[in-house]
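J.: need a structure here:
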Amino acid sequence: MLHIILLILKIIGIVLLCIIGVIILVLLGVLFVPVRYRIEVMRKEGEEEPPVDVRVKVTWLLHLLNVLIRYPCETLVRVRLMIFTIWKMPFQKGQEGQSDQEDDVAEEGDSQAGTDREPQEKNSEKQSASTAEKIMSVEKEKIPTVTIQATGTEDESDETKEAPTFMDKLRALPVILRKVIEKIKSLFENIQYTIRRFCDKMKSISDNIQYYKALVESEAFHNSFGLCKEELAAILKSLKPQKLEAKLIVGMDDPAATGEILAVCGMLYPILGGHVDVTGDFERKRIEGSVFIQGKIRAWTFLRAAVRIYFNKDIKRLLRLWKKEAA
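T.: So this is what the prediction gives:
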């Protein structure tokens, strides 16, 4: 019995080790096996030719996983695992016709519903017109009484109202002066408060400028900036295409503009080298040619940059100082 239990545990341990080994192999493959990409762009002049023809292919681990994208000729997005297609999104022109038919059916339904609603809308308009006439008649009956009452009150108020005397004006003068003085005092207080607040704001801004200036001039900032610059350069270097070839024929309406384009390409020759060939057409306007780009990307480059930046002490210190100032 004990022998059988040990055998079962042995089998379970072997299965677990195999699973862990497969997971480790997959992680190592994802991190270190590069993802290769190839981009082809072509353009030809002609009425039946598309504006541009793009073909993108991405492969991983000896074409174990490959993705194909085509646009706009026979637009297609396809994902394959070895020889098995696991996802495909072709462009079907029949879908446009179906959508147009559905829109026509919806429009017909809306028109029928509109014809059914017409008599109901007419009846509702008649009812609203009759109710409006009733309301207007009632308001016309009420208007004379209201005007009589209003005129009566105005006459009574005119009779009871008396003009203020000179003594009343003298008695009210101190109150008026007191109110004017209070308003002038409140105005000066508001001006003083605004000036004080503006000075405090300017002082706060000056303190923040001095703080961030000292933060930028610190050694931690220089170390962090150097690290980020180094990792960014490594990422850009990994993204740089290994192969770049372009053959273009460029022609503009004005031959002088074509000459200027060729002059710019000549100035960029130290950067582009012999990979880009641009030929000028001084007779007619056209842009033709092909561009081929090939390269690879490794996930390890991005993971290494993220780990180094995340665990860097200088960057953590800068973040703490930034949060302290923001708080």
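J.: any idea how far G266 is from L272?
T.: With the distance defined as CB to CB, to the nearest Å, G266 ends up 10 Å from L272. In short, each C-beta sits where N, CA and C put it, glycine included.
J.: who's more crowded, those two?
T.: Between G266 and L272, counted using other CB atoms under 10 Å, the more crowded position is L272 (15 against 11).
J.: so for the helix or strand that contains the more buried one, mean pLDDT?
T.: Taking DSSP states H and E as the criterion, L272 maps to helix 269-272. Mean pLDDT, helix 269-272: 82.
J.: could you point out which element follows it?
T.: Once the chain leaves helix 269-272, the next helix or strand it forms, by DSSP H and E, is strand 276-280.
J.: starting at the chain centroid, how far to that next one?
T.: Distance of strand 276-280 from its chain centroid, counting by CA atoms, centre = their mean, to the nearest Å, is 36 Å.
J.: return the set of buried residues in that strand.
T.: Using 16 or more other CB atoms under 10 Å as the test for burial, strand 276-280 gives 276, 278, 280.
J.: list the buried residues of the helix holding L272.
T.: For helix 269-272, it's none, nothing buried (16+ other CB under 10 Å).
J.: hmm, who's touching it?
T.: Residues from elsewhere that reach helix 269-272 (CB atoms under 8 Å, 6 or more residues apart in numbering): C265.
J.: got it, and stretch 14-30?
T.: 61, 299.
J.: repeat that for 6 Å
T.: Stretch 14-30 is contacted from outside by A299, using CB atoms under 6 Å, 6 or more residues apart in numbering.
J.: can you offset everything so residue one is 170?
T.: In the new count, where the first residue is 170, that last one comes out as stretch 183-199.
J.: now it - C-alpha only, PDB.
T.: Extracted as PDB, the C-alpha positions of stretch 183-199 are listed here (Å, rounded to 0.1, in the frame of the first residue of the first chain):
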ATOM      1  CA  ILE A 183       6.900  14.400 -12.300                       C
ATOM      2  CA  VAL A 184       3.800  15.900 -13.900                       C
ATOM      3  CA  LEU A 185       4.200  19.100 -11.800                       C
ATOM      4  CA  LEU A 186       7.900  19.400 -12.700                       C
ATOM      5  CA  CYS A 187       6.900  19.000 -16.400                       C
ATOM      6  CA  ILE A 188       4.300  21.700 -16.100                       C
ATOM      7  CA  ILE A 189       6.700  24.000 -14.300                       C
ATOM      8  CA  GLY A 190       9.400  23.300 -17.000                       C
ATOM      9  CA  VAL A 191       7.000  24.100 -19.800                       C
ATOM     10  CA  ILE A 192       5.900  27.400 -18.100                       C
ATOM     11  CA  ILE A 193       9.600  28.300 -17.600                       C
ATOM     12  CA  LEU A 194      10.400  27.500 -21.300                       C
ATOM     13  CA  VAL A 195       7.400  29.600 -22.400                       C
ATOM     14  CA  LEU A 196       8.500  32.500 -20.300                       C
ATOM     15  CA  LEU A 197      12.000  32.300 -21.500                       C
ATOM     16  CA  GLY A 198      10.800  32.100 -25.100                       C
ATOM     17  CA  VAL A 199       8.500  35.100 -24.700                       C
END
